[in-house]
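>>> 3D model of this:
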Amino acid sequence: MQKRIFSWLLVIAVVFLSLGAGTVKAETPVSGSISNPVWTAANSPYNINGDLEVLAGATLTIEPGTVVKFSKGARLIVSGELKAIGTADKRIVFTSQESNPARGNWGGIQFSDSSTDAQFDANGNYLSGSILKYATVKYGNTIQITNASPFIDHNIILNNNFGITVNGISDQQTIFSPNTAKNIVSIVISNNEISDNGSGIVIDRTNKNDYQSTPAGMVRIGATLQTSILKANNVVNNNKGVVITQGDNNVLINNSINNNADAGVRIESTSENNILERNSISNNKDGVYVGGVKTRLYQNEINNNTNNGIFLEATNTSISYNNIANNKGANLFNKTISAQVEHNYWGGTSQLNIVNSDNDKKVVSDPAEVSVISLSAVLDPKLNEISENTVNDTQIISGLKPINAIVYINDAPISTKAYENEWTYSTSLNMSINSFKVYYKDENGNKSSEKSFFVNRKRLINIGTPVLEAYSKTTKQDTITITGSKDSNTSVWVNEQKVVDLSNTNDWSATLTLKVGVNRFDIKSKDSENYESPVVSVYITKEDATLQDIIDREKVLVKLDQNFGNKYKGYIILQVQNKGEAWYISTQDAKKYYLGREKDAYTIMRKLGLGIKHAELVKYLNGVFPDRLKGKILLDVEQKGEAYYVNPKDGKARYLSRPADAFKAMRELGIGMSNDNVRKITVGEIK
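The predicted model follows:
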């Protein structure tokens, strides 16, 4: 009886297993190294236990709908070629084997320097090489791309330690020597959803051009190489959005970078020449941190960030045609002295909200736009300066264009690089007037406005360059007179301004105005038909005059009129013909004391001060001081020597708490006076 029951149970079990065999899903364990396999959805999931390497020269092909699961710490190392191409409705999935997965469970996907780089045609279409497309990558460490350039497109990348990390060395970071390392092509990362990672995208790849010294300065060797092209990605809800630590010439275009806990985009000082164009950057901490020089931001939306819209700490930055508004800290927080900020919309003319960190570091938006800027409009052509007259048979035309725009000159497209702003074109010239028309078209055929100009090619006439006599290359004077000789029947021009009229004489002289620092003067001759000589350039350095220099200068120019000095006792006078240099006329000796800079003004005013008791001072502070105290500097001897200046005009006191207050009082209360009148008063000095 027991045997019969056992037999029936065995039959039932066999039937059950036979009926259920079609519903049991296949599993494929994989480990070690592989060469040229094809992974399919039917054999999913592929369980990776330990590191798995696609060998150099091999190709791993993964079909749509395939699922790949990794054990703790396991990595997929691509030393050959990875072709993982899913579809929008059948994504390839890379994930953890854990039942309750978390960020960093597995080691991620790593492309090594021997992996096959992606190749594209002239229009940017993918042709061959490693590609990760329509995949979901989650719960790993990162997609690490080391000295490699796969195509990363239309993926969902979430809950990883880092979304995508690009590192390595694309050439040696040296100057004057040839590149010796692997020549890596730009990496393209596009159309990805990158969310809930520690950092969304990290670019940390050394990419520097070599340079050589020429008479014209440092010149780049070879073509510009973009480290990365980041386009149309949605980078949201990460701790950090896009971080560019190293690697020059990165291009960020049409990305949405929103709701990241730290900066939306952070560009460190070790990365230069980056371009941000037509991105939406909002609801991050800082929208964009700019630490790398020569960064360009065009047509971006940078709004509603919880700290600053842009935190600027790098020189030679260009910020133009952006909408930058409603950022809770500052729309622009500036810590640099050199930036081009123009044609931005700041939420309205009264809402610029630009904060400069100190008085020495100031940028202004000039001009500012009063209405929202269209991010889809094609910007007007921006051309570099072109001489209207030339004797050359060719003309270089260059400028800045939007990314991916095509440049048209006289209705013909010219060859330019899609992911660069700068463009250059050389064209031949006919004799006489040559007309040019320049405009841009974007990838959708939208056209910018047109910019027209003329170049007049003249016949070559040998006009001698003006000859200069000896001159001082360093001075403390505001002007310098240069003399020399020229061809007869010519005029002399300095920095495109005529300084000597056309004449048949050979001798000439011109007085030039100097500013503090190095002054460059380009000097040439012109004949009656405006034909020009070659240019000779001179450099004259004006040293900033010291306080003692100005005192010594004025001493020898005094033509004393004691009655005049007595008339202005207690006044602050501004020498309007000498840049408003300020002097205080002492009530004690009727001498003028030079106030100089903030610190000088404060020191002099205190040293010339008159002690006064606190009670007497308070008696007049809210009213008018008596005539005997007008024009004096009063020191409250019972309150740590607090200083007050009594305006001789109205008898009211001005509190001088700091050097800046003394300087401000000097400017606001001073009266303008000509050199002749200032020099009727003798000079006083405090030793």
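>>> hey, let's count contacts and neighbours off CA atoms from now on
OK.
>>> So what's the residue count around residue 282?
By other CA atoms under 10 Å, the residues close to residue 282 number 28.
>>> was I right about it contacting residue 300?
No - look at residue 282 against residue 300 with CA atoms under 8 Å: they stay out of range, at 10.3 Å.
>>> Now do the end-to-end distance for stretch 227-245.
11 Å (CA to CA, to the nearest Å).
>>> where's that stretch relative to the chain centroid, distance-wise?
18 Å (CA atoms, centre = their mean, to the nearest Å).
>>> For that stretch, give the mean pLDDT please.
Averaged over stretch 227-245, pLDDT sits at 96.
>>> where exactly do the helices run in this structure?
Per DSSP state H, the chain carries helices over the ranges 2-20, 547-555, 562-567, 598-607, 614-621, 659-669, 675-678.
>>> residues making contact with the second one?
The set of residues external to helix 547-555 that reach it, using CA atoms under 8 Å, 6 or more residues apart in numbering, is 594, 596, 679, 682-683.
>>> What mean pLDDT does that helix get?
Per-residue scores along helix 547-555 average to 86.
>>> What of the shortest one?
Per-residue pLDDT values across helix 675-678 average out to 92.
>>> What residues sit buried inside that helix?
Residues 675, 678 are the ones in helix 675-678 that count as buried (16 or more other CA atoms under 10 Å).
>>> which strands and helices sit next to that helix?
Identification of packing neighbours for helix 675-678 by 3 or more CA pairs under 8 Å, 6 or more residues apart in numbering; DSSP states H and E yields strand 572-575.
>>> What's the mean pLDDT across the strand it packs on?
Mean per-residue pLDDT for strand 572-575: 91.
>>> What lies in contact with it?
580-585, 666-667, 669-675, 678.
>>> partners of that strand in the sheet?
strand 581-585 (antiparallel), strand 671-673 (parallel) (DSSP bridges).
>>> can you tell me which residues contact residue 95?
Counting by CA under 8 Å, 6+ apart, residue 95 has contacts 67-70, 106, 136-140.
>>> repeat that with 7 Å
68-70, 137-140 (CA atoms under 7 Å, 6 or more residues apart in numbering).
>>> ok, residues contacting stretch 656-671?
By CA under 7 Å, 6+ apart, stretch 656-671 touches 572-574, 598-599, 601-602, 642-644.
>>> Could I get the buried residue list for it?
Neighbour-count burial for stretch 656-671, counted by 16+ other CA under 10 Å, picks out 656, 659, 661-663, 665-667, 669-670.
>>> can you list those residues in a markdown table and add distance to residue 468 and pLDDT?
Shown next, in a markdown table, are the buried residues of stretch 656-671 (distance: CA to CA, whole Å; pLDDT from 0 to 100):
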| residue | distance to residue 468 | pLDDT |
| --- | --- | --- |
| 656 | 51 | 83 |
| 659 | 45 | 77 |
| 661 | 47 | 77 |
| 662 | 46 | 74 |
| 663 | 42 | 75 |
| 665 | 46 | 77 |
| 666 | 43 | 71 |
| 667 | 41 | 74 |
| 669 | 46 | 87 |
| 670 | 43 | 87 |
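>>> Turn the residues you listed into a markdown table, columns for distance to residue 502.
Output for the buried residues of stretch 656-671, formatted as a markdown table (distance: CA to CA, whole Å):
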| residue | distance to residue 502 |
| --- | --- |
| 656 | 56 |
| 659 | 52 |
| 661 | 52 |
| 662 | 51 |
| 663 | 47 |
| 665 | 49 |
| 666 | 46 |
| 667 | 44 |
| 669 | 47 |
| 670 | 44 |
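>>> From what I see, residue 39 and residue 62 are in contact.
Yes - if you go by CA atoms under 7 Å, residue 39 and residue 62 touch, sitting 4.7 Å apart.
>>> returning to what we had before: now, of the contacts of stretch 656-671, which are buried?
Using 16+ other CA under 10 Å, the buried ones in these are 572-574, 598, 601-602, 642-644.
>>> Just name the closest of those to residue 495, please.
residue 574 (31.4 Å; CA to CA).
>>> I'd like to know how far that closest one sits from residue 606.
Residue 574 sits 19 Å away from residue 606, going by CA to CA.
>>> same question, residue 188
According to CA to CA, residue 188 and residue 606 sit 65 Å apart.
>>> same thing with residue 92?
78 Å.
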